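> I'll drop the sequence and a predicted model, then ask my questions.
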Amino acid sequence: MREIVLISLFSILLVGSAFASIDSRYHTYEEVCAALDSLVEEFPGLCVKESLGVSEVDKRIIWGLKITSNAEEEVDKPSVLFTGSIHAEELIGTEIVLFAARSLLEDYGEDPAVTRYLDSLKVWIIPIVNPDGHKVVTDGLDEYFRKNKHDNNGNGIFDFTPGDGGDTDGVDINRNFPYNWEFGNPNWDATTYRGPRPGSESETKAIISLCRRERFVTSVFYHSSAYGTYNEWVIYPWRWSGPVYSPDYETIRDIAYEFAERLVAHDGGSYNPRHSTSRTGNANDWQYSEIGTIPFIVEVDTCLRPEGWRVNSVCENQLAGIKYLLERSLGPGLWIHTYNDSSGEPVHAIIRVLEIYDDELLSPRTTDSTFGAHYRLLAPGDYTVVVSARHFAVDTISVHIGDSPVKLDVGLRYVGIGEEQPFPQIASLESFPNPFNSQVKIVYSLPRSEATLKIFNLYGAKIYEQKLSFPSGECIFEPQGSSSGVYICTVEGNSFFLSKKLLYIK
Ligand SMILES: [Zn+2]
(Lines give C-alpha, C1' and ligand atoms only; values in the text may rest on other atoms or scores of the structure.)
Protein backbone atom coordinates (compact mmCIF):
# COMPACT_ATOMS: atom_id res chain seq x y z
CA MET A 1 0.00 0.00 0.00
CA ARG A 2 2.86 2.37 0.92
CA GLU A 3 4.33 1.91 -2.54
CA ILE A 4 1.05 2.75 -4.17
CA VAL A 5 0.77 5.98 -2.20
CA LEU A 6 4.33 6.93 -3.12
CA ILE A 7 3.66 6.25 -6.79
CA SER A 8 0.53 8.33 -6.63
CA LEU A 9 2.39 11.23 -5.06
CA PHE A 10 5.03 10.88 -7.71
CA SER A 11 2.35 11.01 -10.40
CA ILE A 12 0.87 14.15 -8.94
CA LEU A 13 4.31 15.80 -8.87
CA LEU A 14 4.87 14.80 -12.47
CA VAL A 15 1.75 16.50 -13.76
CA GLY A 16 3.30 19.91 -13.39
CA SER A 17 6.55 19.07 -15.07
CA ALA A 18 5.21 17.18 -18.06
CA PHE A 19 4.10 18.18 -21.59
CA ALA A 20 7.56 18.35 -23.04
CA SER A 21 8.20 14.95 -24.50
CA ILE A 22 5.40 14.28 -27.01
CA ASP A 23 5.87 16.04 -30.35
CA SER A 24 3.13 18.57 -30.96
CA ARG A 25 2.43 16.99 -34.37
CA TYR A 26 0.54 14.33 -32.38
CA HIS A 27 -3.05 15.32 -31.63
CA THR A 28 -4.29 15.44 -28.07
CA TYR A 29 -7.77 14.08 -27.34
CA GLU A 30 -9.21 17.60 -27.45
CA GLU A 31 -7.49 18.29 -30.78
CA VAL A 32 -8.90 15.08 -32.21
CA CYS A 33 -12.41 16.16 -31.18
CA ALA A 34 -11.85 19.54 -32.85
CA ALA A 35 -10.46 17.89 -36.00
CA LEU A 36 -13.56 15.71 -36.29
CA ASP A 37 -15.80 18.75 -35.84
CA SER A 38 -13.96 20.53 -38.67
CA LEU A 39 -14.42 17.56 -41.00
CA VAL A 40 -18.14 17.40 -40.28
CA GLU A 41 -18.42 21.14 -40.92
CA GLU A 42 -16.29 21.15 -44.09
CA PHE A 43 -17.86 18.06 -45.66
CA PRO A 44 -21.55 18.11 -44.77
CA GLY A 45 -23.43 15.07 -46.01
CA LEU A 46 -20.21 13.11 -46.49
CA CYS A 47 -19.40 12.36 -42.87
CA VAL A 48 -21.11 12.20 -39.52
CA LYS A 49 -19.65 11.99 -36.06
CA GLU A 50 -21.11 9.53 -33.58
CA SER A 51 -20.53 8.96 -29.90
CA LEU A 52 -19.84 5.24 -29.56
CA GLY A 53 -19.67 5.24 -25.77
CA VAL A 54 -17.48 6.69 -23.03
CA SER A 55 -14.20 5.67 -21.47
CA GLU A 56 -14.25 3.49 -18.36
CA VAL A 57 -12.99 6.01 -15.78
CA ASP A 58 -13.00 9.61 -17.01
CA LYS A 59 -16.09 9.15 -19.19
CA ARG A 60 -14.51 10.73 -22.27
CA ILE A 61 -16.52 10.18 -25.42
CA ILE A 62 -15.17 7.59 -27.84
CA TRP A 63 -15.84 9.22 -31.18
CA GLY A 64 -16.41 7.45 -34.45
CA LEU A 65 -16.66 9.12 -37.85
CA LYS A 66 -18.70 7.53 -40.63
CA ILE A 67 -17.59 8.63 -44.09
CA THR A 68 -19.80 7.83 -47.07
CA SER A 69 -22.02 9.52 -49.62
CA ASN A 70 -25.45 10.13 -48.01
CA ALA A 71 -23.74 9.86 -44.60
CA GLU A 72 -26.78 11.10 -42.72
CA GLU A 73 -28.95 8.18 -43.76
CA GLU A 74 -28.85 4.59 -42.61
CA VAL A 75 -27.88 2.94 -45.86
CA ASP A 76 -27.25 -0.62 -46.97
CA LYS A 77 -23.57 -0.75 -47.99
CA PRO A 78 -20.62 -2.83 -46.85
CA SER A 79 -18.71 -1.19 -43.97
CA VAL A 80 -15.01 -1.05 -43.22
CA LEU A 81 -13.24 0.10 -40.04
CA PHE A 82 -9.92 1.76 -39.24
CA THR A 83 -8.93 2.50 -35.65
CA GLY A 84 -6.09 4.07 -33.69
CA SER A 85 -4.75 3.99 -30.14
CA ILE A 86 -6.44 0.96 -28.63
CA HIS A 87 -3.03 0.89 -26.94
CA ALA A 88 -2.63 4.32 -25.46
CA GLU A 89 1.04 4.97 -26.19
CA GLU A 90 0.76 3.94 -29.86
CA LEU A 91 -0.30 7.42 -30.95
CA ILE A 92 0.56 6.98 -34.61
CA GLY A 93 -2.69 5.07 -35.33
CA THR A 94 -4.73 8.14 -34.39
CA GLU A 95 -2.76 10.22 -36.89
CA ILE A 96 -3.11 7.62 -39.66
CA VAL A 97 -6.89 7.38 -39.47
CA LEU A 98 -7.40 11.16 -39.15
CA PHE A 99 -5.10 11.74 -42.11
CA ALA A 100 -6.92 9.13 -44.17
CA ALA A 101 -10.33 10.60 -43.29
CA ARG A 102 -9.35 14.06 -44.50
CA SER A 103 -7.71 12.71 -47.63
CA LEU A 104 -10.73 10.60 -48.65
CA LEU A 105 -13.12 13.47 -48.00
CA GLU A 106 -11.01 15.96 -50.00
CA ASP A 107 -10.68 13.55 -52.91
CA TYR A 108 -14.36 12.65 -53.12
CA GLY A 109 -15.70 13.96 -56.42
CA GLU A 110 -12.14 14.59 -57.65
CA ASP A 111 -10.56 11.14 -57.69
CA PRO A 112 -12.84 8.57 -59.40
CA ALA A 113 -11.55 5.68 -57.28
CA VAL A 114 -12.16 7.51 -53.99
CA THR A 115 -15.58 8.64 -55.25
CA ARG A 116 -16.47 5.03 -55.95
CA TYR A 117 -15.25 3.93 -52.50
CA LEU A 118 -17.42 6.44 -50.68
CA ASP A 119 -20.40 5.84 -52.97
CA SER A 120 -20.22 2.08 -52.42
CA LEU A 121 -18.85 1.68 -48.88
CA LYS A 122 -19.24 3.07 -45.40
CA VAL A 123 -15.78 3.93 -44.08
CA TRP A 124 -15.65 4.19 -40.29
CA ILE A 125 -12.73 5.63 -38.38
CA ILE A 126 -12.22 5.65 -34.61
CA PRO A 127 -9.19 7.87 -33.98
CA ILE A 128 -8.87 7.02 -30.28
CA VAL A 129 -10.28 3.75 -28.96
CA ASN A 130 -8.69 4.40 -25.56
CA PRO A 131 -9.14 8.13 -24.73
CA ASP A 132 -8.17 7.95 -21.04
CA GLY A 133 -4.91 6.15 -21.75
CA HIS A 134 -4.19 8.39 -24.75
CA LYS A 135 -4.51 11.42 -22.48
CA VAL A 136 -2.11 9.90 -19.90
CA VAL A 137 0.44 9.73 -22.72
CA THR A 138 -0.14 13.09 -24.40
CA ASP A 139 -0.19 14.83 -21.00
CA GLY A 140 3.30 13.44 -20.51
CA LEU A 141 2.39 11.51 -17.32
CA ASP A 142 3.64 8.21 -18.71
CA GLU A 143 4.86 8.00 -22.29
CA TYR A 144 4.69 4.21 -22.17
CA PHE A 145 1.19 3.85 -20.79
CA ARG A 146 -0.79 1.23 -22.70
CA LYS A 147 -3.97 0.40 -20.79
CA ASN A 148 -7.13 2.28 -19.86
CA LYS A 149 -7.43 3.71 -16.33
CA HIS A 150 -9.54 0.97 -14.70
CA ASP A 151 -9.13 1.30 -10.93
CA ASN A 152 -7.95 -2.26 -10.36
CA ASN A 153 -7.37 -1.95 -6.61
CA GLY A 154 -10.45 0.21 -6.05
CA ASN A 155 -8.59 2.89 -4.07
CA GLY A 156 -10.03 5.78 -6.04
CA ILE A 157 -6.56 6.84 -7.23
CA PHE A 158 -4.99 6.30 -10.63
CA ASP A 159 -1.94 4.18 -9.78
CA PHE A 160 0.73 4.02 -12.44
CA THR A 161 4.48 4.01 -12.74
CA PRO A 162 6.04 6.28 -15.36
CA GLY A 163 8.02 4.24 -17.86
CA ASP A 164 7.37 0.81 -19.22
CA GLY A 165 5.28 -1.54 -17.08
CA GLY A 166 4.53 -1.54 -13.35
CA ASP A 167 1.11 0.07 -13.77
CA THR A 168 -1.16 -1.17 -10.99
CA ASP A 169 -4.23 0.28 -12.66
CA GLY A 170 -5.60 -0.20 -16.14
CA VAL A 171 -6.87 -2.95 -18.39
CA ASP A 172 -5.34 -3.76 -21.77
CA ILE A 173 -8.42 -3.23 -23.96
CA ASN A 174 -6.86 -5.42 -26.62
CA ARG A 175 -6.93 -8.36 -24.17
CA ASN A 176 -10.46 -7.70 -22.89
CA PHE A 177 -12.54 -8.96 -25.83
CA PRO A 178 -14.72 -12.01 -25.15
CA TYR A 179 -12.96 -14.46 -27.43
CA ASN A 180 -10.08 -16.43 -25.92
CA TRP A 181 -10.17 -13.94 -23.03
CA GLU A 182 -9.56 -16.85 -20.64
CA PHE A 183 -6.04 -17.31 -22.01
CA GLY A 184 -5.06 -13.70 -21.26
CA ASN A 185 -2.94 -12.28 -18.44
CA PRO A 186 -4.81 -12.22 -15.07
CA ASN A 187 -2.27 -10.01 -13.22
CA TRP A 188 -3.38 -6.45 -12.49
CA ASP A 189 -0.03 -4.79 -12.75
CA ALA A 190 0.87 -6.43 -16.05
CA THR A 191 0.77 -4.16 -19.10
CA THR A 192 -1.32 -6.86 -20.78
CA TYR A 193 -3.87 -7.30 -17.94
CA ARG A 194 -7.03 -8.78 -19.45
CA GLY A 195 -9.49 -7.18 -17.03
CA PRO A 196 -11.89 -8.66 -14.47
CA ARG A 197 -14.33 -10.17 -16.97
CA PRO A 198 -14.52 -10.67 -20.72
CA GLY A 199 -15.76 -7.44 -22.30
CA SER A 200 -15.80 -5.69 -18.88
CA GLU A 201 -14.45 -2.33 -20.09
CA SER A 202 -16.66 0.36 -21.52
CA GLU A 203 -14.14 0.92 -24.36
CA THR A 204 -14.47 -2.75 -25.32
CA LYS A 205 -18.26 -2.52 -25.14
CA ALA A 206 -18.28 0.53 -27.42
CA ILE A 207 -16.28 -1.31 -30.09
CA ILE A 208 -18.37 -4.46 -29.75
CA SER A 209 -21.65 -2.66 -30.18
CA LEU A 210 -20.47 -0.74 -33.25
CA CYS A 211 -19.11 -3.95 -34.79
CA ARG A 212 -22.36 -5.82 -34.17
CA ARG A 213 -24.30 -3.03 -35.85
CA GLU A 214 -21.99 -2.29 -38.79
CA ARG A 215 -20.71 -5.86 -39.40
CA PHE A 216 -17.48 -4.68 -41.01
CA VAL A 217 -16.18 -6.71 -43.92
CA THR A 218 -12.62 -5.74 -43.07
CA SER A 219 -10.84 -3.69 -40.42
CA VAL A 220 -7.45 -2.42 -39.35
CA PHE A 221 -6.33 -1.74 -35.80
CA TYR A 222 -3.12 0.31 -36.04
CA HIS A 223 -0.41 -0.48 -33.52
CA SER A 224 3.27 0.36 -33.14
CA SER A 225 5.97 -1.29 -31.16
CA ALA A 226 8.33 0.14 -28.57
CA TYR A 227 11.07 -2.46 -28.93
CA GLY A 228 11.35 -3.14 -32.60
CA THR A 229 9.93 -6.62 -32.07
CA TYR A 230 6.89 -6.09 -34.27
CA ASN A 231 8.10 -3.67 -36.90
CA GLU A 232 6.38 -3.16 -40.24
CA TRP A 233 4.10 -6.15 -39.94
CA VAL A 234 0.61 -6.90 -41.23
CA ILE A 235 -0.88 -9.48 -38.85
CA TYR A 236 -3.88 -11.60 -39.81
CA PRO A 237 -5.84 -14.47 -38.20
CA TRP A 238 -4.57 -17.13 -37.47
CA ARG A 239 -2.39 -20.16 -37.12
CA TRP A 240 -2.54 -21.51 -33.61
CA SER A 241 -0.49 -24.44 -32.38
CA GLY A 242 -1.86 -27.74 -33.54
CA PRO A 243 -1.83 -26.28 -36.13
CA VAL A 244 -5.29 -24.74 -36.16
CA TYR A 245 -5.90 -22.37 -39.04
CA SER A 246 -8.65 -19.78 -39.21
CA PRO A 247 -11.31 -21.26 -41.50
CA ASP A 248 -10.94 -18.37 -44.00
CA TYR A 249 -7.16 -18.60 -43.78
CA GLU A 250 -6.45 -18.74 -47.51
CA THR A 251 -8.68 -15.81 -48.38
CA ILE A 252 -7.32 -13.75 -45.50
CA ARG A 253 -3.69 -14.61 -46.21
CA ASP A 254 -4.03 -13.57 -49.86
CA ILE A 255 -5.49 -10.21 -48.85
CA ALA A 256 -2.82 -9.74 -46.16
CA TYR A 257 -0.03 -10.31 -48.69
CA GLU A 258 -1.52 -7.81 -51.14
CA PHE A 259 -2.11 -5.32 -48.34
CA ALA A 260 1.46 -5.63 -47.00
CA GLU A 261 2.81 -5.24 -50.52
CA ARG A 262 1.33 -1.71 -50.64
CA LEU A 263 3.22 -0.57 -47.52
CA VAL A 264 6.79 0.57 -48.05
CA ALA A 265 9.28 -0.55 -45.41
CA HIS A 266 12.40 1.31 -44.27
CA ASP A 267 14.69 -0.98 -46.21
CA GLY A 268 12.86 -0.13 -49.43
CA GLY A 269 11.00 -3.44 -49.48
CA SER A 270 7.49 -3.90 -48.18
CA TYR A 271 5.78 -4.75 -44.88
CA ASN A 272 5.89 -8.30 -43.67
CA PRO A 273 2.60 -10.29 -43.64
CA ARG A 274 2.34 -12.67 -40.66
CA HIS A 275 -0.38 -14.85 -39.25
CA SER A 276 -1.17 -14.34 -35.59
CA THR A 277 -0.31 -17.14 -33.20
CA SER A 278 -1.63 -15.93 -29.84
CA ARG A 279 -5.08 -16.47 -28.35
CA THR A 280 -5.64 -13.64 -25.90
CA GLY A 281 -8.90 -11.72 -26.05
CA ASN A 282 -7.81 -9.33 -28.78
CA ALA A 283 -10.21 -7.21 -30.83
CA ASN A 284 -9.22 -8.76 -34.15
CA ASP A 285 -9.89 -12.40 -33.38
CA TRP A 286 -13.18 -11.45 -31.70
CA GLN A 287 -14.24 -9.48 -34.79
CA TYR A 288 -13.41 -12.36 -37.05
CA SER A 289 -14.96 -15.08 -34.93
CA GLU A 290 -18.17 -13.30 -34.05
CA ILE A 291 -18.85 -10.88 -36.91
CA GLY A 292 -16.96 -12.44 -39.81
CA THR A 293 -14.83 -9.32 -40.34
CA ILE A 294 -11.47 -9.95 -41.97
CA PRO A 295 -9.34 -8.02 -39.49
CA PHE A 296 -5.75 -6.84 -39.64
CA ILE A 297 -3.27 -5.40 -37.22
CA VAL A 298 -0.68 -3.14 -38.78
CA GLU A 299 2.45 -2.70 -36.69
CA VAL A 300 3.45 0.68 -38.09
CA ASP A 301 7.03 1.78 -38.74
CA THR A 302 10.10 0.77 -36.73
CA CYS A 303 9.48 2.68 -33.52
CA LEU A 304 6.74 3.46 -31.06
CA ARG A 305 6.22 7.04 -32.29
CA PRO A 306 7.89 8.34 -35.44
CA GLU A 307 9.35 11.86 -35.03
CA GLY A 308 6.85 14.63 -35.73
CA TRP A 309 8.41 15.59 -39.06
CA ARG A 310 7.96 12.00 -40.32
CA VAL A 311 4.30 11.59 -39.32
CA ASN A 312 2.84 12.84 -42.62
CA SER A 313 4.95 10.51 -44.72
CA VAL A 314 4.09 7.55 -42.45
CA CYS A 315 0.40 8.45 -42.91
CA GLU A 316 0.80 8.73 -46.71
CA ASN A 317 2.38 5.30 -46.74
CA GLN A 318 -0.52 3.81 -44.76
CA LEU A 319 -3.08 5.56 -46.97
CA ALA A 320 -1.95 3.36 -49.86
CA GLY A 321 -2.84 0.31 -47.74
CA ILE A 322 -6.20 1.77 -46.75
CA LYS A 323 -7.06 2.40 -50.40
CA TYR A 324 -6.10 -1.16 -51.26
CA LEU A 325 -8.49 -2.50 -48.60
CA LEU A 326 -11.29 -0.24 -49.85
CA GLU A 327 -10.71 -1.53 -53.38
CA ARG A 328 -10.60 -5.14 -52.15
CA SER A 329 -13.81 -4.65 -50.16
CA LEU A 330 -15.52 -4.08 -53.52
CA GLY A 331 -13.78 -7.11 -55.04
CA PRO A 332 -14.35 -10.88 -54.97
CA GLY A 333 -16.88 -11.94 -52.37
CA LEU A 334 -20.48 -12.68 -51.61
CA TRP A 335 -23.11 -9.93 -51.35
CA ILE A 336 -26.24 -11.70 -50.27
CA HIS A 337 -29.71 -10.45 -49.38
CA THR A 338 -32.36 -12.71 -47.88
CA TYR A 339 -36.06 -11.98 -47.89
CA ASN A 340 -39.40 -13.66 -47.41
CA ASP A 341 -40.44 -14.68 -50.93
CA SER A 342 -44.11 -13.96 -50.31
CA SER A 343 -43.96 -10.70 -48.31
CA GLY A 344 -40.64 -9.33 -49.59
CA GLU A 345 -39.61 -8.50 -45.98
CA PRO A 346 -35.89 -8.93 -45.10
CA VAL A 347 -35.15 -12.18 -43.27
CA HIS A 348 -32.40 -12.65 -40.70
CA ALA A 349 -30.74 -15.82 -41.99
CA ILE A 350 -27.66 -17.95 -41.38
CA ILE A 351 -25.29 -18.07 -44.34
CA ARG A 352 -22.91 -20.98 -44.55
CA VAL A 353 -20.27 -21.30 -47.19
CA LEU A 354 -19.81 -25.05 -46.92
CA GLU A 355 -16.21 -25.08 -48.06
CA ILE A 356 -15.21 -22.75 -45.21
CA TYR A 357 -17.51 -22.71 -42.23
CA ASP A 358 -16.62 -24.03 -38.80
CA ASP A 359 -19.28 -23.95 -36.11
CA GLU A 360 -16.89 -24.66 -33.27
CA LEU A 361 -14.48 -21.78 -33.86
CA LEU A 362 -16.83 -19.24 -35.39
CA SER A 363 -20.25 -17.79 -34.75
CA PRO A 364 -22.68 -18.27 -37.62
CA ARG A 365 -22.42 -15.68 -40.38
CA THR A 366 -25.80 -14.04 -40.72
CA THR A 367 -27.69 -11.47 -42.72
CA ASP A 368 -28.77 -8.42 -40.73
CA SER A 369 -32.39 -7.94 -39.78
CA THR A 370 -32.68 -4.39 -41.21
CA PHE A 371 -31.72 -5.06 -44.82
CA GLY A 372 -31.31 -8.86 -44.85
CA ALA A 373 -27.74 -8.16 -46.03
CA HIS A 374 -24.50 -10.07 -45.57
CA TYR A 375 -21.23 -8.95 -47.17
CA ARG A 376 -18.28 -11.25 -47.15
CA LEU A 377 -14.90 -11.28 -48.89
CA LEU A 378 -13.91 -14.57 -50.51
CA ALA A 379 -11.13 -15.68 -52.77
CA PRO A 380 -12.22 -16.35 -56.37
CA GLY A 381 -13.48 -19.92 -56.76
CA ASP A 382 -16.51 -22.21 -56.55
CA TYR A 383 -18.57 -22.35 -53.39
CA THR A 384 -21.73 -23.91 -52.00
CA VAL A 385 -23.86 -21.45 -50.06
CA VAL A 386 -26.51 -22.77 -47.67
CA VAL A 387 -29.09 -20.27 -46.47
CA SER A 388 -31.25 -21.17 -43.48
CA ALA A 389 -33.58 -19.27 -41.19
CA ARG A 390 -36.10 -20.16 -38.53
CA HIS A 391 -39.48 -21.05 -40.03
CA PHE A 392 -38.07 -21.01 -43.58
CA ALA A 393 -37.05 -23.79 -45.94
CA VAL A 394 -33.33 -24.21 -46.46
CA ASP A 395 -31.88 -23.05 -49.76
CA THR A 396 -28.61 -24.34 -51.23
CA ILE A 397 -26.94 -22.36 -54.02
CA SER A 398 -23.78 -23.04 -56.01
CA VAL A 399 -21.81 -19.90 -56.85
CA HIS A 400 -18.75 -19.12 -58.88
CA ILE A 401 -16.86 -16.07 -57.67
CA GLY A 402 -14.62 -14.33 -60.16
CA ASP A 403 -13.09 -10.83 -60.01
CA SER A 404 -16.09 -9.09 -58.51
CA PRO A 405 -18.65 -9.84 -55.80
CA VAL A 406 -21.46 -12.25 -56.60
CA LYS A 407 -24.74 -10.58 -55.71
CA LEU A 408 -27.41 -13.04 -54.58
CA ASP A 409 -31.00 -12.15 -53.75
CA VAL A 410 -32.45 -15.16 -52.02
CA GLY A 411 -36.20 -15.40 -51.54
CA LEU A 412 -36.88 -17.86 -48.72
CA ARG A 413 -40.04 -19.96 -48.53
CA TYR A 414 -41.94 -19.70 -45.28
CA VAL A 415 -42.76 -23.13 -43.87
CA GLY A 416 -44.29 -22.11 -40.55
CA ILE A 417 -43.79 -22.51 -36.83
CA GLY A 418 -43.08 -26.07 -35.78
CA GLU A 419 -41.79 -26.89 -39.23
CA GLU A 420 -38.67 -24.76 -38.91
CA GLN A 421 -35.27 -26.26 -39.16
CA PRO A 422 -33.33 -24.89 -36.21
CA PHE A 423 -30.01 -25.88 -37.69
CA PRO A 424 -29.04 -26.00 -41.31
CA GLN A 425 -29.92 -29.43 -42.54
CA ILE A 426 -26.95 -30.30 -44.57
CA ALA A 427 -27.00 -33.85 -43.23
CA SER A 428 -29.06 -36.48 -44.99
CA LEU A 429 -30.65 -39.66 -43.74
CA GLU A 430 -32.44 -42.37 -45.67
CA SER A 431 -33.80 -45.64 -44.35
CA PHE A 432 -34.48 -48.82 -46.26
CA PRO A 433 -36.65 -51.42 -44.48
CA ASN A 434 -36.07 -54.98 -45.57
CA PRO A 435 -39.15 -57.23 -45.29
CA PHE A 436 -37.10 -60.40 -45.66
CA ASN A 437 -34.54 -60.22 -42.84
CA SER A 438 -35.90 -57.88 -40.11
CA GLN A 439 -33.27 -55.22 -40.73
CA VAL A 440 -33.40 -51.55 -41.65
CA LYS A 441 -30.47 -50.15 -43.55
CA ILE A 442 -29.74 -46.49 -42.75
CA VAL A 443 -27.65 -44.42 -45.16
CA TYR A 444 -26.37 -41.07 -43.89
CA SER A 445 -24.12 -38.15 -44.66
CA LEU A 446 -22.99 -35.59 -42.08
CA PRO A 447 -22.03 -31.93 -42.57
CA ARG A 448 -18.83 -31.76 -40.58
CA SER A 449 -18.34 -33.99 -37.58
CA GLU A 450 -19.37 -37.29 -36.15
CA ALA A 451 -22.86 -37.60 -34.73
CA THR A 452 -25.06 -39.86 -32.64
CA LEU A 453 -27.95 -41.81 -34.10
CA LYS A 454 -30.79 -42.69 -31.75
CA ILE A 455 -33.97 -44.62 -32.42
CA PHE A 456 -37.07 -44.17 -30.27
CA ASN A 457 -40.36 -46.04 -30.25
CA LEU A 458 -43.59 -44.10 -30.49
CA TYR A 459 -43.78 -43.91 -26.66
CA GLY A 460 -40.50 -41.99 -26.64
CA ALA A 461 -38.38 -44.82 -25.21
CA LYS A 462 -34.91 -45.04 -26.70
CA ILE A 463 -34.29 -48.51 -28.06
CA TYR A 464 -31.09 -48.04 -30.01
CA GLU A 465 -28.05 -45.78 -30.12
CA GLN A 466 -24.97 -45.70 -32.30
CA LYS A 467 -22.14 -43.30 -33.16
CA LEU A 468 -21.98 -42.29 -36.82
CA SER A 469 -18.61 -41.42 -38.26
CA PHE A 470 -17.96 -38.41 -40.47
CA PRO A 471 -18.64 -37.84 -43.35
CA SER A 472 -20.99 -40.60 -44.53
CA GLY A 473 -21.77 -44.29 -44.27
CA GLU A 474 -24.35 -46.96 -43.61
CA CYS A 475 -25.56 -48.74 -40.54
CA ILE A 476 -28.05 -51.51 -39.84
CA PHE A 477 -30.89 -51.21 -37.33
CA GLU A 478 -31.84 -54.68 -36.09
CA PRO A 479 -33.66 -54.46 -32.75
CA GLN A 480 -34.08 -57.67 -30.79
CA GLY A 481 -37.61 -58.29 -29.64
CA SER A 482 -39.13 -55.16 -31.13
CA SER A 483 -42.30 -55.37 -33.10
CA SER A 484 -43.03 -54.12 -36.59
CA GLY A 485 -44.08 -50.51 -36.80
CA VAL A 486 -43.02 -46.89 -37.00
CA TYR A 487 -39.99 -45.61 -35.06
CA ILE A 488 -38.40 -42.18 -34.77
CA CYS A 489 -34.80 -41.87 -35.79
CA THR A 490 -32.68 -38.85 -34.76
CA VAL A 491 -29.17 -37.81 -35.72
CA GLU A 492 -27.51 -35.22 -33.53
CA GLY A 493 -24.13 -33.56 -34.08
CA ASN A 494 -22.51 -30.49 -32.53
CA SER A 495 -24.28 -28.15 -34.89
CA PHE A 496 -27.13 -30.01 -36.47
CA PHE A 497 -30.12 -32.17 -35.68
CA LEU A 498 -32.22 -34.39 -37.91
CA SER A 499 -35.24 -36.49 -37.17
CA LYS A 500 -37.07 -38.88 -39.40
CA LYS A 501 -39.71 -41.58 -39.24
CA LEU A 502 -38.46 -45.07 -39.85
CA LEU A 503 -40.47 -48.16 -40.72
CA TYR A 504 -39.42 -51.48 -39.22
CA ILE A 505 -40.91 -54.69 -40.59
CA LYS A 506 -40.30 -57.86 -38.64
ZN1 LIG B 1 -0.34 -2.32 -29.65
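In hand now; what should we look at? Residues are numbered from 1 along each chain as shown.
> Show me which positions of the longest helix belonging to the chain end up buried.
Ranked by residue count and defined by DSSP state H, the top helix of the chain is helix 311-329. Across helix 311-329, burial judged by 16 or more other CB atoms under 10 Å covers 311, 314-315, 317-319, 321-326, 328-329. C-beta: built from backbone N, CA, C; applies to glycine.
> Ramachandran angles for the residue lying closest to residue 415 once chain neighbours are set aside?
Among residues not flanking residue 415 along the chain, residue 393 sits closest, at 5.1 Å (CB to CB, 6 or more residues apart in numbering). Phi and psi for residue 393, reported as degrees, to the nearest 10, are phi -70, psi 150.
> burial count for residue 393?
16 (other CB atoms under 10 Å).
> Next: residue 189.
Residues near residue 189, counting by other CB under 10 Å, number 16.
> Same question for residue 229.
When counting by other CB under 10 Å, one arrives at 8 neighbours for residue 229.
> I'd guess it is in a strand, am I close?
No - if the criterion is DSSP: H, G, I helix; E, B strand; the rest coil, then residue 229 is coil and not within a strand.
> ok, and the closest non-adjacent residue to residue 51?
Nearest non-adjacent residue to residue 51, counting by CB to CB, 6+ apart: residue 61, 4.8 Å away.
> What pLDDT is listed against that neighbour?
On pLDDT, residue 61 comes in at 98.
> give the contact list for it.
By CB atoms under 8 Å, 6 or more residues apart in numbering, residue 61 lies in contact with 33, 51-54, 131.
> So which of those residues sit within helices?
Judged by DSSP H, these include 33, 131 as members of helices.
> so which of the contacts of residue 61 would you say is closest to the ion?
Sorting these by how near they are to the ion, with CB to the ion, puts residue 131 at the top with 15.8 Å.
> what's around the residue nearest to the closest one when sequence neighbours are not counted, how many residues?
Nearest residue to residue 131 in three dimensions, chain neighbours excluded: residue 60, at 3.9 Å (CB to CB, 6+ apart). Residue 60 has 20 neighbouring residues, counting by other CB under 10 Å.
> separation between residue 60 and residue 90?
Here residue 60 is placed at a distance of 18 Å from residue 90 (CB to CB, to the nearest Å).
> quick one on the thing from earlier: the residue nearest to residue 131 contacts residue 29, doesn't it?
Yes - Residue 60 lies in contact with residue 29 (CB atoms under 8 Å); the separation is 6.4 Å.
> Identify the contacts common to these two.
131, 135.
> just the strands in the stretch 351-500 of the chain please.
Here the stretch 351-500 of the chain has its strands, by DSSP state E, counting those that start in this stretch, at 365-366, 373-377, 381-388, 395-401, 406-412, 428-434, 439-445, 451-456, 462-468, 472-477, 485-492, 497-504.
> list the helices and strands the shortest one packs on?
Put plainly, it is strand 365-366. When contacts are defined as 3 or more CB pairs under 8 Å, 6 or more residues apart in numbering; DSSP states H and E, strand 365-366 packs onto strand 350-353, strand 373-377.
> Mean confidence (pLDDT) on that strand, please.
92.
> can you check the fourth one too?
In this model, strand 395-401 has an average pLDDT of 94.
> partners of that strand in the sheet?
strand 381-388 (antiparallel) (DSSP bridges).
> quick check, residue 334 in a strand?
Yes - counting by three-state DSSP, residue 334 is part of a strand.
> What's opposite it in the beta bridge?
As for beta bridges, residue 334 partners with residue 376, residue 406 under DSSP bridges.
> what residues are up against it?
With contacts defined as CB under 8 Å, 6+ apart, the neighbours of residue 334 are 351, 353, 374-376, 378, 383, 385, 399, 401, 405-406, 408.
> let's see 7 Å
Residues near residue 334 by CB atoms under 7 Å, 6 or more residues apart in numbering: 376, 378, 385, 399, 405-406, 408.
> now the residues you listed in JSON lines, with neighbour count?
JSON lines is the format used below for the contacts of residue 334 (neighbours: other CB atoms under 10 Å):
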{"residue": "376", "neighbour count": "22"}
{"residue": "378", "neighbour count": "21"}
{"residue": "385", "neighbour count": "20"}
{"residue": "399", "neighbour count": "15"}
{"residue": "405", "neighbour count": "21"}
{"residue": "406", "neighbour count": "17"}
{"residue": "408", "neighbour count": "17"}
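> Show me which of these is closest to residue 96.
residue 376 (25.8 Å; CB to CB).
> picking up where we left off before, show the backbone phi and psi for the residue nearest to residue 131.
As for residue 60, its main-chain torsions (degrees, to the nearest 10) stand at phi -80, psi 140.
> do residue 98 as well
phi -70, psi -40.
> hang on, it packs against residue 36?
No - with contact defined as CB atoms under 7 Å, residue 98 and residue 36 do not form a contacting pair (8.1 Å).
> now, which of the contacts of residue 334 sits nearest residue 253?
Residue 253 has its nearest neighbour among those in residue 378, at 12.9 Å by CB to CB.
> Check the gap between the closest residue to the closest one other than its chain neighbours and the ion for me.
In space, and not counting its chain neighbours, residue 378 is closest to residue 333: 5.0 Å by CB to CB, 6+ apart. Per CB to the ion, to the nearest Å, residue 333 is found 29 Å from the ion.
> Residue 333: neighbouring residues, count only.
Close neighbours of residue 333, defined as other CB under 10 Å, add up to 23.
> can you redo the buried residues of helix 311-329 as JSON lines with distance to residue 174 and pLDDT?
Output for the buried residues of helix 311-329, formatted as JSON lines (distance: CB to CB, whole Å; pLDDT from 0 to 100):
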{"residue": "311", "distance to residue 174": "22", "pLDDT": "98"}
{"residue": "314", "distance to residue 174": "21", "pLDDT": "98"}
{"residue": "315", "distance to residue 174": "22", "pLDDT": "98"}
{"residue": "317", "distance to residue 174": "23", "pLDDT": "98"}
{"residue": "318", "distance to residue 174": "19", "pLDDT": "98"}
{"residue": "319", "distance to residue 174": "23", "pLDDT": "98"}
{"residue": "321", "distance to residue 174": "20", "pLDDT": "98"}
{"residue": "322", "distance to residue 174": "20", "pLDDT": "98"}
{"residue": "323", "distance to residue 174": "25", "pLDDT": "98"}
{"residue": "324", "distance to residue 174": "24", "pLDDT": "98"}
{"residue": "325", "distance to residue 174": "20", "pLDDT": "98"}
{"residue": "326", "distance to residue 174": "24", "pLDDT": "98"}
{"residue": "328", "distance to residue 174": "24", "pLDDT": "98"}
{"residue": "329", "distance to residue 174": "23", "pLDDT": "98"}
